[in-house]
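Student: Sequence below, structure please.
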Amino acid sequence: MNSDKKNPYLPALARIVKITPETEGERAIKTFRAEIIDENADSFNFQPGQTIMVSVFGKGESMFAISTSPTRKNIEFSVMRVGRVTLKLHQLEEGSIIGIRGPYGRGFPVEDWYGKNILLIAGGIGMAPLRSVLHYVIDEREKFRDVTLIYGARTSKDLVYRNELETLQSDDINVWLSIDTEEEGWFKVNWDKPEETVFPPETRHFTGFVPMIVLAVKPEPENTVAIVCGPPVMIGFTVQNLEKLGFGDKQIYSTLENKMKCGIGKCGRCNIGSVYVCKDGPVFRYDEIRKLPSDF
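Tutor: Numbers count the residues shown, from 1 in each chain. Okay, here's the model as predicted:
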């Protein structure tokens, strides 16, 4: 036995250096920034779209998308409070020690997208993995053409990273935010025929589901890569609408979020047929997704 071989289940020690509350309520979301503090610090390299397994010692571990770009030289992940481990994470304070192992899986092929228009479409906590691409594109802005972000949540209070996203709107980056329920100051799209919506040029806040906003905004498919993340129903309808606009399957990328326990393709919790989401994903091009078993 090779005693130098690293145990793949052994996490690196990390310190939480910043906690940012994103949303409140029963399913509150917080963003954590962490730094590796043991001898593995220099070897932690990741790609946009990859995941990490985060441990709260004595309580358990869960998989999360890395929500920032490697160009930022830090590790961030956003956590919705939905179970035992996420509850304990939300109870931690800055300075707390956690475990991190990874990164895992296949990330977004951002270098293949140089010279292309980037269209980011997200719903709810699905903005977390897309934020990793957004940060990368911002930091390497000269390598990409037009950048458009369409992001929606149930209400304005449920929008993750809202303050950050609001400041990005410029001639260089188009940011379109949407909510499902009507609120003052949010322009309501034509729910019956969203593609016929006429809105003032300065409007960037909409009432309508994300797939509707896609039809209302009408992004051009030529030389464009579309990345879609969010609830499965939202992804399905969004892809249908992208197809109506002329996008092909090879232009569309998404992530799958099957339950991942080990992160290294050993436990079989995340497999879809012969595909293991933790190893072969979580990022997939849409022509790859269409080849997966239809009942997954």
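
Student: any chance you could map the helices in the stretch 151-296 of the chain?
Tutor: 162-166, 210-217, 232-244, 277-280, 286-290 (DSSP state H, counting those that start in this stretch).

Student: how would you label the spatially most central residue of the chain: helix, strand or coil?
Tutor: Nearest to the mean C-alpha position of the chain, counting by CA atoms, centre = their mean, stands residue 129 at 1.9 Å. What DSSP: H, G, I helix; E, B strand; the rest coil gives for residue 129 is helix.

Student: what residues are up against it?
Tutor: Counting by CB atoms under 8 Å, 6 or more residues apart in numbering, residue 129 makes contact with 48, 49, 65, 66, 67, 229, 255, 282. For every residue, glycine as well, the C-beta is placed using N, CA and C.

Student: what separates the fourth one from residue 148, distance-wise?
Tutor: What that stands for is residue 66. The gap separating residue 66 from residue 148 is 22 Å, by CB to CB, to the nearest Å.

Student: So those two - more neighbours on which side?
Tutor: residue 66 (27 against 18; other CB atoms under 10 Å).

Student: right, and that one touches residue 76 too?
Tutor: Yes. The criterion here is CB atoms under 8 Å, and residue 66 meets it with residue 76 at 6.9 Å.

Student: average pLDDT for stretch 212-229?
Tutor: Stretch 212-229 shows a mean pLDDT of 96 in the predicted model.

Student: Buried residues in that stretch, which are they?
Tutor: 212-217, 219, 221, 224-229 (16 or more other CB atoms under 10 Å).

Student: Show me the beta-bridge partners of residue 106.
Tutor: Beta-bridge pairing of residue 106 under DSSP bridges involves residue 282.

Student: That one: neighbour count?
Tutor: For residue 106, the count of nearby residues is 17 (other CB under 10 Å).

Student: From residue 6, how far off is it?
Tutor: In terms of CB to CB, residue 106 sits 21 Å off from residue 6.

Student: circling back to that earlier point, which pair of the buried residues of stretch 212-229 spans the longest distance?
Tutor: Using CB to CB, the two most remote members of the buried residues of stretch 212-229 are 212 and 225, lying 21.6 Å apart.

Student: wait, what's in contact with residue 65?
Tutor: Residue 65 makes contact with 49, 50, 51, 77, 78, 128, 129, 132, 255, 282 under the criterion CB under 8 Å, 6+ apart.

Student: Next: residue 140.
Tutor: Contacts of residue 140 (CB under 8 Å, 6+ apart): 71, 110.

Student: Double-check residue 231 against residue 126; I have them as touching.
Tutor: Yes. Judged on CB under 8 Å, residue 231 makes contact with residue 126 at a distance of 7.0 Å.

Student: More neighbours: which of those two?
Tutor: In terms of neighbours (other CB under 10 Å), residue 126 is the more surrounded of residue 231 and residue 126; the figures are 25 against 14.

Student: Which residue is the nearest non-sequential neighbour of the more buried one?
Tutor: Of all residues not flanking residue 126 in the chain, residue 230 sits nearest, at 3.3 Å (CB to CB, 6 or more residues apart in numbering).
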